[in-house]
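**Q** turn this into a model:
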Amino acid sequence: MASRLLHRLRHALASDGPGEAAAAGPEAEQFPETSELEDDDAEGLSSRLSGTLSFTSAEDDGDDEDQGEDDEEVGPDSPSAGDRTSGEDTERSPPPDGQRGSQLLTRQLQDFWKKSRNTLVPQRLLFEVTSANVVKDPPSKYVLYTLAVMGPGPPDRQPAQISRRYSDFERLHRNLQRHFRGPMAAISFPRKRLRRNFTAETIARRSRAFEQFLGHLQAVPELRHAPDLQDFFVLPELQRAQSLTCTGLYREALALWANAWQLQTQLDAPSGPDRPLLTLAGLAVCHQELEDPVEARACCEKALQLLGDKSLHTLLAPFLEAHVRLSWRLGLDKRHSEARLQALQEAGLTPTPPPSLKELLIKEVLG
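**A** The predicted structure is shown next:
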């Protein structure tokens, strides 16, 4: 019995020769062992991010050929956290997924800490890409990444959110490189690709890279206080909120003003001249128009605390006037604000009556 089984085994091994290998050849050529086949699947990548990343796309990979003037599809750029191993049209087969990711991340962090060990402070903010949506805006097509910005504070407080596209991140990276060449040398950025920009895999890789990119910027004090970084976080929200306020869409504007205020509070860094005061002005106007005088008055009081004794500030008289009017409406003490406003008028520092917060907000150029 044993000899018979051994004979059959030898016969089977002998039959598995060149002929059968040649027959399998054409089929094997249909499925070349490229990096596209060996790359991570979207589910595995998103689970390594945080488990909450979601993708929405109406199209498949074939959409890469229908991109129009998408700003994410132009030529190669510098190597990055997620794309160092990828080429433009053909890609080398990478090492196993877990090994590749861990090697890359370890090498990145080692280089970063080595070059910046003397300039780092504990990271104050955390960033998480919670969704990534493919947006078609003919002739362009792009991915809009929504990030949650989480900072110190009550655990039940909702994180602030921002929505940015690849070109916004790239512009920030380019501007910071121009002004902070030394600190930026240690920070990687995901490069542009010629194809496969709208696959779940690419979106997941970029999402992870953007989280790390912002986290590294926040960890270096010189970069954390950079005006370009503050503009990246706050300016688009302020501009949209101002536009909605000017057109009378106060409820929609209120959400943006509140989000912008939370962003500025969490960033804990100067976000441009008078931006916190303009944000409080927007909040006060929207609360007042939506018949919420209590919240509107609270915003005025917060702004007056920030202004202190700056009697020449253009927003002082409008905030005092709004505070007097709202206090009278609520039956609260308004004597201190009335006395300050009267003193400004008698000194000729503001007209009688002073301009309203809404008038100043409409005229203000945010940039």
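
**Q** CA only for contacts and neighbour counts going forward, please
**A** Noted.

**Q** where in the stretch 251-367 of the chain is pLDDT low?
**A** Applying pLDDT under 70 to the stretch 251-367 of the chain picks out residues 269-273.

**Q** now do the helices in it.
**A** For the stretch 251-367 of the chain, the helices defined by DSSP state H, counting those that start in this stretch cover 275-289, 293-307, 316-330, 335-346, 357-363.

**Q** just name the most buried of those helices.
**A** Mean neighbour counts were compared across the helices of the stretch 251-367 of the chain using mean count of other C-alpha atoms under 10 Å; the top stretch is helix 275-289, at a mean of 23.

**Q** relative orientation of that one and helix 316-330 in degrees?
**A** 30 degrees (axes from the mean of the first three to the mean of the last three C-alpha atoms, to 10 degrees).

**Q** tell me what helix 275-289 is packed against?
**A** helix 227-246, helix 250-267, helix 293-307, helix 357-363 (3 or more C-alpha pairs under 8 Å, 6 or more residues apart in numbering; DSSP states H and E).

**Q** what comes up buried for the second one?
**A** This means helix 250-267. Using 16 or more other C-alpha atoms under 10 Å as the test for burial, helix 250-267 gives 250, 253-254, 256-264, 266-267.

**Q** helices or strands next to whatever helix or strand residue 174 lives in in the packing?
**A** Taking DSSP states H and E as the definition, residue 174 sits inside helix 166-179. Contacts defined by 3+ C-alpha pairs under 8 Å, 6+ apart place helix 166-179 against strand 140-150, helix 227-246.

**Q** list the buried ones in the longest one?
**A** The reference is to helix 227-246. Here helix 227-246 shows 228-239, 241-242, 244-246 as buried, counting by 16+ other C-alpha under 10 Å.

**Q** still on that earlier bit, dump the helices and strands packed on helix 275-289 to JSON lines, plus distance to residue 218.
**A** Converted to JSON lines, the helices and strands packed on helix 275-289 look like this (distance: least, C-alpha to C-alpha, whole Å):
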{"stretch": "helix 227-246", "distance to residue 218": "9"}
{"stretch": "helix 250-267", "distance to residue 218": "9"}
{"stretch": "helix 293-307", "distance to residue 218": "25"}
{"stretch": "helix 357-363", "distance to residue 218": "30"}
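
**Q** out of those, nearest to residue 125?
**A** helix 250-267 (7.6 Å; C-alpha to C-alpha).

**Q** now do the closest one: everything it contacts.
**A** 125, 149-152, 160-161, 233-234, 237-238, 240-242, 244-245, 271, 276, 279-280, 282-283, 286-287, 289-290 (C-alpha atoms under 8 Å, 6 or more residues apart in numbering).

**Q** mind doing that once more with 6 Å?
**A** 151, 160, 234, 237, 241, 244-245, 279, 283, 286 (C-alpha atoms under 6 Å, 6 or more residues apart in numbering).

**Q** then residue 133 would be within a strand, right?
**A** Yes. When DSSP: H, G, I helix; E, B strand; the rest coil is applied, residue 133 is found to be in a strand.

**Q** mean confidence for the helix holding residue 174?
**A** Average pLDDT, helix 166-179: 96.

**Q** in the next helix or strand after it, which residues are buried?
**A** Scanning forward in sequence from helix 166-179 by DSSP H and E, the next helix or strand is helix 181-184. The neighbour-count check on helix 181-184 (16+ other C-alpha under 10 Å) flags 183-184 as buried.

**Q** try stretch 151-168
**A** 151, 159-167.
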